[in-house]
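*Asks:* A predicted structure for the sequence below; I have some questions about it.
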Amino acid sequence: MTPGSGSDAPAIVKLFDSKGQLLQQSDLDMIQLAQVEWSEDSVMISDIFWKLEK
């Protein structure tokens, strides 16, 4: 890793329910650029889209 590139780190994003059960998991190339958007029935993290079940 070169100096100054620590914020370019990849990550694994995980979605859990209220009981701690893993619902979804996906790789993310650069965690610093991640943007999270929640709606009533979905969540979008950068270009990852997950439909939430009721």
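*Replies:* It's in. Numbers count the residues shown, from 1 in each chain.
*Asks:* next, the buried residues of stretch 31-42.
*Replies:* The neighbour-count criterion (16 or more other Cβ atoms under 10 Å) identifies no buried residues in stretch 31-42. For glycine as for every other residue, the C-beta is placed from the backbone atoms N, C-alpha and C.
*Asks:* the chain should start at 53 in everything you say after this.
*Replies:* Noted, 53 is the first residue going forward, which turns the last one into stretch 83-94.
*Asks:* which parts of the chain are helices?
*Replies:* Counting by DSSP state H, one finds no helices in the chain.
*Asks:* middle-most residue in this structure, spatially?
*Replies:* Nearest to the geometric centre of the chain sits Val65, at 3.7 Å (Cα atoms, centre = their mean).
*Asks:* tell me the bridge partners for that residue.
*Replies:* Ser78 (DSSP bridges).
*Asks:* cool, and Ile100?
*Replies:* Beta-bridge partners of Ile100, counted by DSSP bridges, are Ile97.
*Asks:* please report how far it lies from Lys66.
*Replies:* Between Ile100 and Lys66 the distance is 11 Å, computed by Cβ to Cβ, to the nearest Å.
*Asks:* so these two - more neighbours on which side?
*Replies:* Using other Cβ atoms under 10 Å, the more surrounded residue of Ile100 and Lys66 is Ile100, with 16 against 10.
*Asks:* which residues of this structure fall in strands?
*Replies:* Applying DSSP state E to the chain gives strands spanning 63-68, 74-80, 88-90, 94-97, 100-103.
*Asks:* can you redo those as CSV with mean pLDDT?
*Replies:* Converted to CSV, the strands of the chain look like this (pLDDT from 0 to 100):
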stretch, mean pLDDT
strand 63-68, 91
strand 74-80, 92
strand 88-90, 93
strand 94-97, 92
strand 100-103, 92
